[in-house]
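*Asks:* how would this look folded up:
(chains A and B)
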Amino acid sequence: MRDRHLKYLFVLPALVLVLVTSFWPLLQSFWLSFREWKLSRARESRPLWEPEFDGWETWPYLLENYQRALEDDLLWNSVQVTTTFMFASVIVSVGLALGLALLLAPGGKFRLTVRTLLILPFAMSPALIGISWRFMFQPDFGLFQAVFGAVVPGLADVDWLGDPTFALIAIIGSDVWHWTPYLTLVFIGGLANVPRDAQEAAMIDGASSWRVFVDVTLPALIPVLAVGIILKSIFSLKMFDQVYMLTNGGPGNATQTLAHYIYFHGFKYYDMGYASAVSYLLVIPMLGLTWLYMKLVFLKR
Amino acid sequence: MGNSIRKQVADLFQFALILCAAVVILVPIYWIASGAFKQQVDVFQLKLLFTPTLANFNEIFRSPYNLHEKLLNSTLVAGTTVIVAIPMATMAAYSFSRFRLRFERTMFLMILSTQFVPAVVIVLPYFLLFRDLGLLDTRLALVLVNLSLILPFAIWMIKGFIDGIPLDTEEAALVDGSSRLQVIWNIVLPMALPGILTAAIFCFILAWNEFLFAVIITNSKAVTMPVGLSLFHAEEGVLWHLISAAGILIMLPMFGLAMIIQKHFVQGMTLGAVR
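*Replies:* Have a look, this model is predicted:
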């Protein structure tokens, strides 16, 4: 077989699979977003899980889902929760990771051992992290409450998961724990590319280590930092697993992220058309971030 | 002299900070791991010393929890996903690495960008499709959706490894009259094998930890380990000691696998943005 056929034949299975498993559902949910599918009607006719039932109503539904979405205060609440969560988790995890990367970059046996530990949180299932954190934030026997209460007396009586603000902090905390070690490894990789002689030259010129960091190290790190920030933003925007396991959106809707809101409407109320419409609120910023990321990653090639 | 003391203090300070970070990473893992060996009464106390027991591991495999079924589901789903995805990914990666293709960039970006599509968006149509096909709560359905999750990573990682294999041997063999398929089978695959295994392990971890698809598409027969975590309830409340025991079974194998592929773990997730 000639290469010019073979090379396309080789790409074909993967391409078809991606088109079928990712692009088809994307288009399909766009189509769904203009229709209505309600559990209420499903009950009247046949059980929901029975294949014959067609709960769809199209005309004259067109933009109703979108209109409803824009008028729903709870949706705007989840947009706000997602945004707060995203900014907080990105800033804290990237900041901590940068500091930790600088501390661990020099090498040596002790530092290399700690570096190995950094893999662990990221290999852990986010759902397990979520439920573990719920365990540790329990009011009477939770580890975190005991520890934080011992360090800061004011925190001793806080019901972490029962308070809107503290519940959000708990989720941010679990996510920072999950991501910071990973981002640290990414940044350590970036630090290896910082020109050593430029750093040393600045040191010899008598610059303080702070000035060396700001003038030499940081500029060289910016591409890697950007990759880390965008990647973390993308995954923060999709945040679901820990919310589901740790607070399930509560108390009330205080920690309900967009992904959780969509899940709730799609699979608790079985309001599929509406959930699809809302999901496009999530797709749009994601497209922007993905485009940025791809540009960054492929610009240098 | 003053300078060297200052340096020693700074070193000590750094050492302390790093130690703190290590403790913060390890304590939650330790707490879950130790919970698995506690009796239920000990879970509700913050004692550091307790009489360890293996009874929890016995109980999670019995009715009504039957965790071995979930363990089997997780293993089969993640395993099948990887076995289907890796050959496909290797073929595509080879083509992207060695040939000029029409629309190469577009195809490549299209495949890679799918890893950023929010799972909650594509699961809606999947749910309805699987419902129509009668595939809800089956392992097959989970394998299908997991493929969409891991294929971009697999292609990217394997392409990176094939890029690193020098062209000369391949070209020499082609000149000697070997066919392209022979070259791939006899030369490229053996050289790329460590990389392909690395990608397979990475993808296995992703599929094993996947939660959103599983929680929506399964409800009893095909439930995976992470979803199974929410099963441990009783009248007296949440059974944390059993959750911890199940948690160990979820995390320990993945820790082992992640250690094997240490260095590449970072590259896989960033699509090689960081080398």
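*Asks:* ok, which residues in the stretch 151-300 of chain A are in contact with chain B?
*Replies:* The stretch 151-300 of chain A comes close to chain B at residues A:177, A:181-182, A:185-186, A:189-190, A:224, A:227, A:231, A:234, A:237-238, A:240-241, A:244-245, A:259, A:262-263, A:266-267, A:272, A:275-276, A:279-280, A:282-283, A:286, A:289-290, A:293-294, A:296-298, as judged by Cβ under 8 Å from any Cβ of the partner chain. Just so you know, the C-beta spots here come from the backbone N, C-alpha and C atoms, and that holds for glycine as well.
*Asks:* Kindly recompute the last result at 7 Å.
*Replies:* Counting by Cβ under 7 Å from any Cβ of the partner chain, the stretch 151-300 of chain A comes close to chain B at A:177, A:181, A:185-186, A:189-190, A:224, A:227, A:231, A:234, A:238, A:240-241, A:259, A:262-263, A:266-267, A:272, A:275-276, A:279, A:282-283, A:286, A:290, A:294, A:297.
*Asks:* got the residue ranges for the helices in the stretch 101-250 of chain B?
*Replies:* B:104-113, B:119-133, B:139-163, B:168-175, B:180-183, B:189-209, B:212-217, B:225-228, B:240-260 (DSSP state H, counting those that start in this stretch).
*Asks:* Need the ones you listed in TSV (columns: mean pLDDT).
*Replies:* Formatted as TSV, the helices of the stretch 101-250 of chain B follow (pLDDT from 0 to 100):
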stretch	mean pLDDT
helix B:104-113	83
helix B:119-133	87
helix B:139-163	89
helix B:168-175	86
helix B:180-183	88
helix B:189-209	91
helix B:212-217	93
helix B:225-228	93
helix B:240-260	92
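*Asks:* what's the burial count for residue 214?
*Replies:* With no chain named, the answer covers chain A. As a burial measure, A:Val214 scores 12 neighbours (other Cβ atoms under 10 Å in any protein chain shown).
*Asks:* wrong chain, I was asking about chain B
*Replies:* When counting by other Cβ under 10 Å, one arrives at 26 neighbours for B:Ala214.
*Asks:* List the contacts of residue 101.
*Replies:* Let's take chain A. Listed by Cβ atoms under 7 Å, 6 or more residues apart in numbering or on different chains, the contact set of A:Ala101 reads A:Thr184, A:Phe187, A:Ile188, A:Leu191.
*Asks:* um, chain B though
*Replies:* B:Leu101 is in contact with A:Lys7, A:Tyr8, A:Val11, B:Ser95, B:Met107, counting by Cβ under 7 Å, 6+ apart.
*Asks:* Next, give phi and psi for it.
*Replies:* Here is the backbone geometry of B:Leu101 (degrees, to the nearest 10): phi -120, psi 150.
*Asks:* now A:Val114
*Replies:* Main-chain torsions, A:Val114, degrees, to the nearest 10: phi -60, psi -40.
*Asks:* pretty sure it is touching B:Val23, no?
*Replies:* No: if you go by Cβ atoms under 7 Å, A:Val114 and B:Val23 don't touch, sitting 10.4 Å apart.
*Asks:* If you count surrounding residues, which of these two has more?
*Replies:* Higher neighbour count among A:Val114 and B:Val23: A:Val114, with 19 against 10, using other Cβ under 10 Å.
*Asks:* Helices of the stretch 51-200 of chain A, residue ranges please.
*Replies:* Under DSSP H, counting those that start in this stretch, the stretch 51-200 of chain A gives helices at A:64-71, A:73-104, A:109-117, A:119-123, A:126-136, A:143-151, A:164-191, A:196-204.
*Asks:* B:Ile165 touches B:Pro190, doesn't it?
*Replies:* No: at 10.1 Å, B:Ile165 does not count as touching B:Pro190 under the criterion of Cβ under 7 Å.
*Asks:* May I ask you to name the longest helix in chain B?
*Replies:* If each helix of chain B is counted by residues according to DSSP state H, the longest one is helix B:2-35.
*Asks:* Which secondary structure elements does that one sit against?
*Replies:* When contacts are defined as 3 or more Cβ pairs under 7 Å, 6 or more residues apart in numbering or on different chains; DSSP states H and E, helix B:2-35 packs onto helix A:73-104, helix A:109-117, helix A:119-123, helix A:126-136, helix B:240-260.
*Asks:* for it, which positions count as buried?
*Replies:* B:Ile18, B:Ala21, B:Ile25, B:Pro28, B:Ile29, B:Trp31, B:Ile32, B:Ala33, B:Ser34, B:Gly35 (16 or more other Cβ atoms under 10 Å in any protein chain shown).
*Asks:* Tell me, what's the model's pLDDT at the last one?
*Replies:* If you check B:Gly35, the pLDDT there is 87.
*Asks:* try the fifth one
*Replies:* Note on B:Ile29: pLDDT of 94.
*Asks:* so where is chain A shaky, pLDDT-wise?
*Replies:* Applying pLDDT under 70 to chain A picks out residues A:1-2, A:38-62, A:299-301.
*Asks:* Relative to A:Val147, which of the helices of the stretch 101-250 of chain B is closest?
*Replies:* Nearest of the helices of the stretch 101-250 of chain B to A:Val147, taken as Cβ to Cβ: helix B:240-260 at 17.1 Å.
*Asks:* So which elements touch that closest one?
*Replies:* Secondary-structure packing of helix B:240-260 (3+ Cβ pairs under 7 Å, 6+ apart): helix A:119-123, helix A:126-136, helix B:2-35, helix B:40-43, helix B:55-59, helix B:189-209, helix B:225-228.
*Asks:* Pull the number of nearby residues for A:Ala97.
*Replies:* 25.
*Asks:* before we move on, the earlier item: most tightly packed of the helices of the stretch 101-250 of chain B?
*Replies:* helix B:225-228 (a mean of 26; mean count of other Cβ atoms under 10 Å in any protein chain shown).
*Asks:* Please flag which of the contacts of B:Leu101 sit within strands.
*Replies:* Of the contacts of B:Leu101, none are assigned to strands by DSSP state E.
*Asks:* ok, of the residues you listed, which come out buried?
*Replies:* Among the contacts of B:Leu101, the ones that count as buried by 16+ other Cβ under 10 Å are A:Lys7, A:Tyr8, A:Val11, B:Ser95, B:Met107.
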